[in-house]
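fold the following and give me the result.
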Amino acid sequence: MQIPSGKKVYFSSDNHLGAPTNALSKPREEKFVKWLDEVQQDAAAIFLLGDLFDFWFEYKHVVPKGFVRVLGKIAEIKDSGIPIYFFVGNHDLWMDDYFEKELNIPVYHKPQEFTFNEKKFLIGHGDGLGPGDKGYKRMKKVFTNPFSKWLYRWLHPDIGVPLAKHLSVKNKLISGDEDAKFLGEENEWLAQYAKRKLETKHYDYFVFGHRHLPMKIEVGKNSTYFNLGDWISHYTYGVFNGENFSLEEY
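Below is the predicted model of the structure:
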């Protein structure tokens, strides 16, 4: 994709809308909608890198209620002709085809390569990548197993949705959690993942979410790993202006 002069590509991750409750997350949703409204003015594309919702599960005919403002704004932006790309995170990993059918937004379950103005990007949510985090990797295999999803659909939504929301709130990296600490450049799993990828192919930028911490780490010659932070306490996002990538705060 060639970025037209005066246009930018925007990246956002980890809103966790609905946490700890829909009512308490509403101000964050309103702030994010305001940001979407502003970036719409000069966006060439928008990337949403997962955990937009703290919990999302698609039954055959039901999706979690709420989030009308953000879904409406995303639909408006997409309908205006601006491409939007959604990457599934660990809190919305049960997303199926609702975004694709209802909003015409592609949904990715693994990191994807993109090229903007000859700059090569590897983009994804970031969960389960790199060394370590073995407990979560085992759990993810269970949660993404088609049989597990089939079983969960047998729970009535009035039971399945609140149960999953409760478990999600109890087990996530959120602002202030002791796990959401910078591990050092040599110990950050996604930085190590980026370095390993560079052994076989060059990328100018690695852009991920998941860690809830805004980061910029040089991982190779002319290669940089960025973590987008979150919309819980940092309110940070990424911008590519056609030449350079930067982290900004809203």
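
gap between residue 111 and residue 121?
As defined by Cβ to Cβ, to the nearest Å, residue 111 lies at a distance of 10 Å from residue 121. Every residue, glycine included, has its C-beta placed from N, CA and C.

show me the strands in this structure, by range?
Secondary structure of the chain by DSSP state E: the strands cover 8-12, 43-48, 84-87, 107-108, 112-116, 119-123, 205-208, 214-220, 223-228, 236-240, 245-249.

export the third one as CSV, just CAs?
Written as CSV, here are the backbone C-alpha positions of strand 84-87 (Å, rounded to 0.1, in the frame of the first residue of the first chain):
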residue,chain,number,x,y,z
ILE,A,84,-9.9,-1.3,8.9
TYR,A,85,-8.0,-4.5,9.9
PHE,A,86,-8.8,-6.4,13.1
PHE,A,87,-6.5,-8.8,14.9
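
and it, average pLDDT?
Average pLDDT, strand 84-87: 97.

packing partners of that strand?
strand 43-48, helix 68-79, strand 107-108 (3 or more Cβ pairs under 8 Å, 6 or more residues apart in numbering; DSSP states H and E).

and the shortest one, what does it pack against?
So that's strand 107-108. In terms of contacts (3+ Cβ pairs under 8 Å, 6+ apart), strand 107-108 is packed against strand 84-87.

where does the strand it packs on sit relative to the chain's centre, distance-wise?
8 Å (Cα atoms, centre = their mean, to the nearest Å).

ok, back up a step: out of the helices and strands packed on strand 84-87, nearest to residue 20?
Closest to residue 20 of the helices and strands packed on strand 84-87 is helix 68-79 (Cβ to Cβ; 17.5 Å).

the helices and strands packed on strand 84-87: which one's closest to residue 101?
With Cβ to Cβ as the yardstick, what comes closest out of those is strand 107-108 (10.2 Å).

tell me which strands the closest one pairs with, and in which orientation.
With DSSP bridges as the test, strand 107-108 is paired with strand 84-87 (parallel).

outside of the partner strand itself, list whatever touches it.
45-50, 52, 74, 77-78, 95, 99, 103, 105-109, 111-112, 123-125, 209 (Cβ atoms under 8 Å, 6 or more residues apart in numbering).

let's see that with 7 Å instead.
45-50, 74, 77-78, 99, 105-108, 123-125 (Cβ atoms under 7 Å, 6 or more residues apart in numbering).

the bottom helix or strand of the chain by mean pLDDT?
When the helices and strands of the chain are scored by mean pLDDT, DSSP states H and E, helix 134-143 comes last with a mean of 63.

longest helix in this protein, by residue count?
Counting residues, the longest helix found in the chain (DSSP state H) is helix 22-39.

what residues sit buried inside that one?
Applying a neighbour-count criterion of 16 or more other Cβ atoms under 10 Å, one finds 22, 25, 28, 29, 32, 33, 35, 36, 39 buried in helix 22-39.

that'll do, ta.
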